[in-house]
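K.L.:
Turn this into a structure:
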Amino acid sequence: MKFIKGIFFEFAKRSVRLHLLRSSLAVIGIVIGVAAISAMGMLGNSLVLSVSESLSDVGDSIVIYPHGGVSQGPASATTDDKITERMLKDIKSAAGPNDVIPIYSTADTIEVGGEDGIASVYGMKPTDIPIMLDLEEGQWLKSSSGAIAGTRIADEFDLKIGSKIKLGDKKLRIVGILKERGMGFDINPDYAIIVEDKFYKSAYDQEDYDQVIVKVRDINEIDSVKSAIEKKMNRKDDVINAFDTKAILETILDTFGKISMFTTAIGGISLIVAGVSIFNVQMMSVTERIKEIGIIRSIGTQKSEVMKMFLYEALILGFFGAAVGALFSFLGGYLAIYVMLQETSYLFEPSTLVYIPFGMAFGIATSLLSGIYPAWKAANLNPIEALRHE
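P.N.:
Predicted coordinates for the structure are as follows:
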């Protein structure tokens, strides 16, 4: 029995060799399909991982603005509404043991060594800054004459520890450089100058706060903390707007996940086209080998064995196409991720690499499915009519 099975596998290999050009074209279709579906899946997953990592540090926050508008960053709208000390006291009461951080924010001109620009400016209590941010080098603020620079603005103006800057009409000395944090829903410190709240109030003649950030210690309680703050503050009229960054983060990650699925589906279309190509190759093979089929059927070969012979052929085409496609998918995924993200660390994550065997399995399955009908047709040919075929 094993010998007979081996013969039919050899028949399948012989057919592939005899029609090498036609078989190669079918294999190329599978290669392109597997490479496309795997590379697109890897790219999509890498984008999700990148966004998740960039935003994960701010997923535990509740951002509170005065109702009616925000005032953050150089390009944002401003409002006369502020968060007063009395409102801040009520927010702290509703937030319980969680950290409540009031923040001043604006934009101002910055001058460094004759070079001018615009920078976001955040005023914070010195004890609150380490709760919100991480220091790359230098030290935290200890006096109103010092400032901390975000990593991006430090690179732009070549700021070092001890550098002198002019913020508006005030002179400050850089005492620390922040670690890069990436995108955020609360503040964007990478492009900002951080100053003491006392300096901010004096320099910009402002007492009330632009926003308040609540850092929730247990992320599972973020919804209840947000509800408690809104219930406390908005009893009669809407006084504040509260945004749950965890919900925003989940929405963004869900959106990127759908984009990943969409790009993978685009790769799947090319694999379907490859399946049609294999179907065509198999149908041509059946037509050309009708007499051969009649001979092997007339000597007692079962229908299932004839069917297996053609399925073996489809499997050979699918396997080689999937193997070569896996190699090209890794190279293509590496290149795509490097171009999009300027780094390739996410490529080696298990959730990214899993798209390679997934693409291979999909390619082999497509090949087998494409070969089922031609194999069935070959197995069900009438032996006598097949022998008479010219």
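K.L.:
outside of stretch 96-107, which residues touch it?
P.N.:
Stretch 96-107 is contacted by residues 71-75, 83, 88, 91-92, 118-125, 128, 131-132, 187, 197, 200-201, 204, 206, 209-217, 225, 228 when judged by C-beta atoms under 8 Å, 6 or more residues apart in numbering. Just so you know, the C-beta spots here come from the backbone N, C-alpha and C atoms, and that holds for glycine as well.
K.L.:
Among those, name the ones in helices.
P.N.:
Under the assignment DSSP state H, those contribute Leu88, Ile91, Lys92, Ile131, Met132, Asp197, Tyr200, Lys201, Tyr204, Val225, Ala228 to helices.
K.L.:
Next, count neighbours for the residue nearest to the third one when sequence neighbours are not counted.
P.N.:
Same thing as Lys92. Closest residue to Lys92 apart from its sequence neighbours, by C-beta to C-beta, 6 or more residues apart in numbering: Val100 at 4.7 Å. Neighbour count of Val100, defined by other C-beta atoms under 10 Å: 21.
K.L.:
which of the contacts of stretch 96-107 are buried?
P.N.:
Neighbour counting by 16 or more other C-beta atoms under 10 Å classes 71-73, 83, 88, 91-92, 119-124, 128, 132, 187, 197, 200, 209-216, 225, 228 among these as buried.
K.L.:
From Lys215, how far off is the residue nearest to Lys92?
P.N.:
Distance of Val100 to Lys215, given as C-beta to C-beta, to the nearest Å: 8 Å.
K.L.:
and the closest residue to Lys201 other than its chain neighbours, how many neighbours?
P.N.:
Leaving aside its sequence neighbours, Lys201 sits nearest to Glu207 (C-beta to C-beta, 6+ apart; 6.2 Å). Residues near Glu207, counting by other C-beta under 10 Å, number 9.
K.L.:
Phe199 too?
P.N.:
Phe199, neighbours per other C-beta under 10 Å, totals 21.
K.L.:
wait, it sits on Gly123?
P.N.:
Yes - taking C-beta atoms under 8 Å as the definition, Phe199 is a contact partner of Gly123 at 6.9 Å.
K.L.:
what's Phe279 in contact with, if anything?
P.N.:
Contacts of Phe279 by C-beta under 8 Å, 6+ apart are Ser370, Gly371, Tyr373, Pro374.
K.L.:
Go through these and name the one nearest Ser329.
P.N.:
Ser370 (20.1 Å; C-beta to C-beta).
K.L.:
Please name the residues that touch the closest one.
P.N.:
Applying C-beta under 8 Å, 6+ apart to Ser370 gives the contacts Gly275, Val276, Ile278, Phe279, Gln282, Ala314.
K.L.:
and the helix or strand containing it, what's its mean pLDDT?
P.N.:
Using DSSP states H and E, Ser370 sits within helix 355-379. What helix 355-379 shows for mean pLDDT is 86.
K.L.:
on that earlier part again, need the max-distance pair from the contacts of Ser370.
P.N.:
Of all pairs in the contacts of Ser370, the most separated under C-beta to C-beta is Val276 and Ala314 at 12.8 Å.
K.L.:
And the two? Which one has more around it.
P.N.:
Ala314 (27 against 13).
K.L.:
my read: that one touches Tyr373, true?
P.N.:
No - Ala314 lies out of contact with Tyr373 (C-beta under 8 Å); the separation is 10.5 Å.
K.L.:
ranges for the helices of the stretch 151-300 of the chain?
P.N.:
151-157, 197-204, 222-233, 245-288, 290-298 (DSSP state H, counting those that start in this stretch).
K.L.:
Lys179: how many residues sit nearby?
P.N.:
Counted with other C-beta under 10 Å, the neighbours of Lys179 add up to 13.
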